[in-house]
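Asker: Any chance you could fold what I've pasted below:
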Amino acid sequence: MTAHAGRGRTLVAVAATVAAGVGVATQSRINGELGQRFDDGFTAALVSFSSGWVVLLLIVLGTARGRAAVARIPAAMRAGELPWWMLLGGAGGAFFVLSQGLVAGILGVAVFTVAIVSGQTLMGMVADARGFAGARRTPPTPARLAGAAMTVVAVGVAVVGDGAASIPWLALVLPLLAGLGIGIQQAMNGRVRQVSGSPLAATLVNFTVGTAGLVVVTAVHLAVSGLPAAPPSELYLYAGGIVGVVFIAVQAATVGRIGVLLLGMCLVLGQLLGAVVFDSVATLGPALAPQTVAAVVLTALGIVVASSGGWRRGHSQRETGPRGPAEPDTPADQK
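Answerer: So this is what the prediction gives:
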């Protein structure tokens, strides 16, 4: 592959990942409203995740290529190439969807996204320092620490001002924790994709684990709290699962080409763009406030500060290393 073709594919991967970030914000908007219409975020999360799981089952298991990709996963586990716990990335996705249904409609998509991004940034820094899932270790430099601090400060900025009293501060805990889970999920799904050779197979594993977890949690919740409100009739409110299938599959497909660091930056850009657009025309939840815009800008700056040094080093290594620019990074325990 020529250098020009490699750059072209990288640009396509970057654009697709930014679009996937917009999909994350779109899903937050849909599932937030679905949770309010059900008056039950647990049921909304289960409906969203399980619908995506059904779609994936039909797509992946309906083709010989898909079935072969799924079969490679247990084979890799038996060979010791894939630890069993790498399959649990769907738990992070399930918790993210659950937090959407519980608090996204209360906080607004922009504030919810700022909190998610803060969690993602912190987990990304920790995961890079630990070399999580076999990735190259990157120590927490002053720039990374400063960028992470900026994104955390952005959460405080987002809830100050005239609207602060109307936003429950404890509601921020869920998206912060969900952001941590997303960081872990991305690394795990990328590894499963590498073993199976299929982003859809990795996404199916993600949704299977997440759906199973949500079935248990929702059953316990309903046994205690009773049945939810009648389901809404608007079909678009049930599209969250399909949107999730698309953006998780895109992440699994592009992480090998652009790396975890640039993947996170592109997702954040897409999430922030989508969040601002949705809240600027919102009819549900708080309207877009000036401090929210400031928090979004501060979050974006924090991501750039935290990521710029690591991206330059990683980019240089991919371009000049013996494997060439077209090859994805190989996890350390597969070398």
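
Asker: which other residues reach the strand or helix carrying Arg65?
Answerer: In this structure, Arg65 sits in helix 64-78 according to DSSP states H and E. The contact list for helix 64-78, computed with Cβ atoms under 8 Å, 6 or more residues apart in numbering, reads 59-61, 82-84, 87, 192, 195-198, 200-201, 204-205. Heads up, the C-betas are built off the backbone N, CA and C, glycines and all.

Asker: list the buried ones in that helix?
Answerer: Within helix 64-78, the residues that count as buried by 16 or more other Cβ atoms under 10 Å are Gly66, Ala69, Val70, Arg72, Ile73, Ala76.

Asker: Show me how far that helix is from its chain's centre.
Answerer: Remark: helix 64-78 is offset 24 Å from the chain centroid, using Cα atoms, centre = their mean, to the nearest Å.

Asker: Give me the helices and strands touching the helix or strand following it, please.
Answerer: Note on helix 64-78: by DSSP H and E, the next helix or strand toward the C-terminus is helix 89-99. Applying 3 or more Cβ pairs under 8 Å, 6 or more residues apart in numbering; DSSP states H and E, one finds that helix 89-99 contacts helix 41-60, helix 173-196, helix 199-225, helix 240-280.

Asker: Now the shortest one: average pLDDT?
Answerer: So that's helix 41-60. Averaging pLDDT along helix 41-60 gives 91.

Asker: Return a ChimeraX selection command for the buried portion of the contacts of helix 64-78.
Answerer: Of these, the buried ones can be selected in ChimeraX as follows, counting by 16+ other Cβ under 10 Å:
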select :60,82,87,192,195,196,198,200,201,204,205
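
Asker: from the contacts of helix 64-78, which is closest to Gly93?
Answerer: Using Cβ to Cβ, Val205 comes nearest to Gly93 of those, at 10.7 Å.

Asker: Please name the residues that touch Ala91.
Answerer: Counting by Cβ under 8 Å, 6+ apart, Ala91 has contacts Gly181, Gln185, Val209, Gly210, Gly213.

Asker: which one in the residues you listed is the model shakiest on?
Answerer: Lowest-confidence member of the contacts of Ala91: Gln185, scoring 82 (pLDDT).

Asker: so how far is Gly244 from the residue nearest to that residue when sequence neighbours are not counted?
Answerer: In this structure, Gln185 finds its nearest non-sequential neighbour in Gly92, 3.6 Å apart by Cβ to Cβ, 6 or more residues apart in numbering. From Gly92 over to Gly244 the distance is 12 Å, taken as Cβ to Cβ, to the nearest Å.

Asker: Among those two, which residue is more densely surrounded?
Answerer: Higher neighbour count among Gly92 and Gly244: Gly244, with 31 against 26, using other Cβ atoms under 10 Å.

Asker: Please give me every residue in contact with the more buried one.
Answerer: Gly23, Gln27, Ser48, Phe49, Gly52, Gly93, Val97, Phe207.

Asker: Which residue, neighbours along the chain excluded, lies closest to the fifth one?
Answerer: Counting by Cβ to Cβ, 6+ apart, Gly52 lies nearest to Gly241, which is 3.1 Å off, once chain neighbours are set aside.

Asker: Same check on Leu98?
Answerer: Residue nearest to Leu98 in three dimensions, not counting chain neighbours: Ala45, with 4.1 Å by Cβ to Cβ, 6+ apart.

Asker: low-confidence ranges in this structure?
Answerer: For the chain, residues meeting the criterion pLDDT under 70 lie at 1-4, 128, 131-138, 155-156, 158-169, 259-262, 282-288, 303, 306-335.

Asker: Name the helix or strand for Leu145, please.
Answerer: Using DSSP H and E, Leu145 maps to helix 142-158.

Asker: Against which helices or strands is that helix packed?
Answerer: Other helices and strands packing on helix 142-158, by 3+ Cβ pairs under 8 Å, 6+ apart, are helix 109-130, helix 290-320.

Asker: Can you give me the buried ones in that helix?
Answerer: Arg144, Gly147, Ala148, Ala149, Met150, Thr151, Val152, Ala154, Val155, Val157, Ala158.

Asker: can I get those in TSV with distance to Val293?
Answerer: Output for the buried residues of helix 142-158, formatted as TSV (distance: Cβ to Cβ, whole Å):
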residue	distance to Val293
Arg144	25
Gly147	19
Ala148	21
Ala149	20
Met150	15
Thr151	15
Val152	18
Ala154	11
Val155	14
Val157	10
Ala158	9
